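**Student:** 3D, please:
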Amino acid sequence: MLTKSTSRVITANGLYLTAFGLYFIYAFFATSMYNDFLPVRFDLLVLAIVAPLLLVKIIVFDHYRFGQWLLLLAIFAISLLSARTSGRYVLIAVTLLILGARQVPFNEIAKTALFLGVLTLGLIVLSAQFELIPNLQFIRDGAYRNSFGIQYPTDFAAHIFYLLLTYAVVKQGHFKWFDYLISLFAAWFIDVYCDVRLDVILIILLLIVLLIYQLILKGVKPAIWVGKLSVAAMFVCTLLSLGLSYFYSPKIKWLAQLNQLLSSRLRLGRLALDRYQPQLLGQVVHVNGWGGSQGIKQFMNNVANKEYFYIDSAYLNTLLTFGIIVSLILLIAYTWFAWRQVQQQNYLLPLIIAVTAISCIVDQHLLDISYNIFILALLADTKTLQQPTVIWKRGIL
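**Tutor:** Residues are numbered from 1 along each chain as shown. Model prediction:
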């Protein structure tokens, strides 16, 4: 028989996971060619369904002190103002999902995302193969780059990468030989069929990080130090991404070479800073990429009418679109979370977040829940990811 407190937990978790699942499915389909079939501002309709569920969970089931309520209201007000200023109402949904995740087991969030993500991506890929939606193909240096129903090849590769990250959390960092084999096959697949080098490197990096995590559990001192240093990953990657874009010049040889290696991301970042100055609460930022139906037309016409302009760096994208205040809140929250986890000798999520921090230098998925669910861990219950204390008694800490 369920106790009253148990019933409350189940109801709260159920409310949250229902809201998360609905928004996750929508956000995932929005990255695909099915987005062409969605009505204009369909995101607001989804928000109107999801927001009440999350608000009920936060107001009815979560318990805060008066000062904490004031902090939550301040954060929500900032997100409303920034969303209004930038015209990107996705920020409201992300904020509610972060706040609503309090005391929800993060492994349940990860399991839900993995199940729905694999199912949705599989449906999208099959739809493209049966020509229900187009499989956009781009050519770079003679190599065909397939998107498999997603709006751009790099976005398809990013979905694979983030699903592997989620899978790593579901497995609690313990990959077997076949898990490594699946990951290597995924890296090979997106290299051959999507020609996306950066995500291949990121998948290899993930596998290395998981090996380091196993060494941490065995008490290997250098590995433990890597785990501790992961706390600073988001801060370092933010400075690195913004700094390289700010100081980029084609006249500086090593920056020009790095820019070429990163597919012109530094040049486009510098161009973004020339066009837009960071504002406190963000601004409307106009970009013009090659993804989706309109983008492929411009690509096939050699971009005759419009110049390619896209901000791939999540840090720069967030700073210019949502503003200085939102960027600082995210940076502080991520660093605080990683520090708290390491203080509790829980290294898995800080290491995973460190990999996403590196990824965010070259992709724009920091606030896209259909890719990056790890932002929801900030207030979620991560106790289920803790290792048994007996392991640490054999360690050196």
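
**Student:** can you tell me the SS state at the closest residue to residue 174 other than its chain neighbours?
**Tutor:** Here the nearest residue to residue 174 in space, its sequence neighbours aside, is residue 214; by CB to CB, 6 or more residues apart in numbering that works out to 7.7 Å. Every C-beta, even on glycine, is put in place using the N, C-alpha and C of the backbone. Under DSSP: H, G, I helix; E, B strand; the rest coil, residue 214 falls in the helix class.

**Student:** pLDDT below threshold where in the stretch 201-350 of the chain?
**Tutor:** In the predicted model, the stretch 201-350 of the chain carries pLDDT under 70 at residues 290-306.

**Student:** if we use 80, what do you get?
**Tutor:** Across the stretch 201-350 of the chain, the ranges flagged by pLDDT under 80 are 289-308.

**Student:** grab the nearest non-local neighbour of residue 362.
**Tutor:** residue 198 (5.1 Å).

**Student:** so the residue nearest to residue 174 touches residue 171, yeah?
**Tutor:** No - look at residue 214 against residue 171 with CB atoms under 8 Å: they stay out of range, at 11.8 Å.

**Student:** show me what counts as buried in stretch 104-119.
**Tutor:** 104-114, 116-117 (16 or more other CB atoms under 10 Å).

**Student:** what does stretch 309-319 give?
**Tutor:** 310-319.

**Student:** what do you get for stretch 343-357?
**Tutor:** For stretch 343-357, by 16+ other CB under 10 Å, it's 345-357.

**Student:** so, low pLDDT: which residues of the stretch 51-200 of the chain?
**Tutor:** For the stretch 51-200 of the chain, the ranges with pLDDT under 80 are 140-142.

**Student:** what ranges does it have for its strands?
**Tutor:** Using DSSP state E, counting those that start in this stretch, the strands found in the stretch 51-200 of the chain span residues 137-140, 143-146.

**Student:** if you tally nearby residues, what's the number for the residue nearest to residue 174?
**Tutor:** 13 (other CB atoms under 10 Å).

**Student:** any idea how far it is from residue 24?
**Tutor:** Per CB to CB, to the nearest Å, residue 214 is found 30 Å from residue 24.

**Student:** swap in residue 96?
**Tutor:** 13 Å.

**Student:** do the same with residue 357
**Tutor:** Taking CB to CB, one finds residue 357 at 22 Å from residue 24.

**Student:** same question for residue 50.
**Tutor:** 10 Å.

**Student:** residue 157 too?
**Tutor:** Distance from residue 157 to residue 24, counting by CB to CB: 19 Å.

**Student:** of these two, which one has the most company?
**Tutor:** Between residue 157 and residue 24, residue 157 has the larger neighbour count (other CB under 10 Å), namely 30 against 22.

**Student:** how close does that one sit to residue 225?
**Tutor:** If you go by CB to CB, the gap between residue 157 and residue 225 works out to 31 Å.

**Student:** cool, and residue 128?
**Tutor:** 45 Å.

**Student:** the more surrounded of these two?
**Tutor:** residue 128 (21 against 11).

**Student:** surely the more buried one touches residue 148?
**Tutor:** Yes - Residue 128 is within contact range of residue 148, at 5.3 Å (criterion: CB under 8 Å).

**Student:** and for these two, which residues touch both?
**Tutor:** With CB atoms under 8 Å, 6 or more residues apart in numbering applied, the overlap between the contact sets of residue 128 and residue 148 consists of residue 135.
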